[in-house]
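>>> Sequence and predicted model, in that order:
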Amino acid sequence: MKIQSLGHVVLKVRDLNISAQFYRDILGMKEVARYQGAMAFFSLGNNHHDLGLMQLGTHAQNIESSAVGLYHVAFKIGDTLDELRACKAHLEANGVSIFGMSDHGVSQSLYIQDPDGIEIELYVDADPAIWKDNPGAVMTTKRLHL
């Protein structure tokens, strides 16, 4: 068996409408379907869905940061620092707090949280030659200045 690609991610959220609005209107994902008022599905264009949201309700508990589970979800937004700067300006114009900016060598990233505090990485890729001959280059993190 060999996995060919990551198919999709489903995130558990408190309020489906608030979260769907964030992923649709702020992050620009295309909402393609709803299921029984408890799930929403989003496509980035090449798959029937890339992201699903599943509503748990307002009673849902936060997971402790030291608990095993999802750390963050990363979405590629382009290949240039100008695209990352435009993303940063868009987020700030929409009141989204950016809590981190990192230069990973192989990519440059902004870090935000969705309405439920789920960490989202928005990144641009650097030249693939950086890591193709040196996979260890992935282990780089420096502060990014935009």
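Perfect, I can see it now.
>>> List the contacts of residue 1.
Under the criterion of CB atoms under 8 Å, 6 or more residues apart in numbering, residue 1 has no neighbours. All C-beta spots, glycine's among them, are computed from the backbone N, C-alpha and C.
>>> Sorry, slip of the keys, the one I care about is residue 103.
Per CB under 8 Å, 6+ apart, neighbours of residue 103: 109, 140-144.
>>> hmm, try it at 10 Å
Contact analysis of residue 103 by CB atoms under 10 Å, 6 or more residues apart in numbering lists 81, 109, 126, 140-146.
>>> so of those residues, which ones are in strands?
Under the assignment DSSP state E, those contribute 109, 142-143 to strands.
>>> Most neighbours of all those, which one?
Counting neighbours by other CB atoms under 10 Å, residue 109 leads the ones in strands among the contacts of residue 103 with 20 neighbours.
>>> Report the beta-bridge partner residues of the closest residue in space to it that isn't next to it in sequence.
By the measure of CB to CB, 6 or more residues apart in numbering, the closest residue to residue 109 outside its immediate chain neighbours is residue 123, 4.1 Å from it. Beta-bridge partners recorded for residue 123 (DSSP bridges): residue 76, residue 109.
>>> Kindly provide the distance from residue 123 to residue 63.
24 Å (CB to CB, to the nearest Å).
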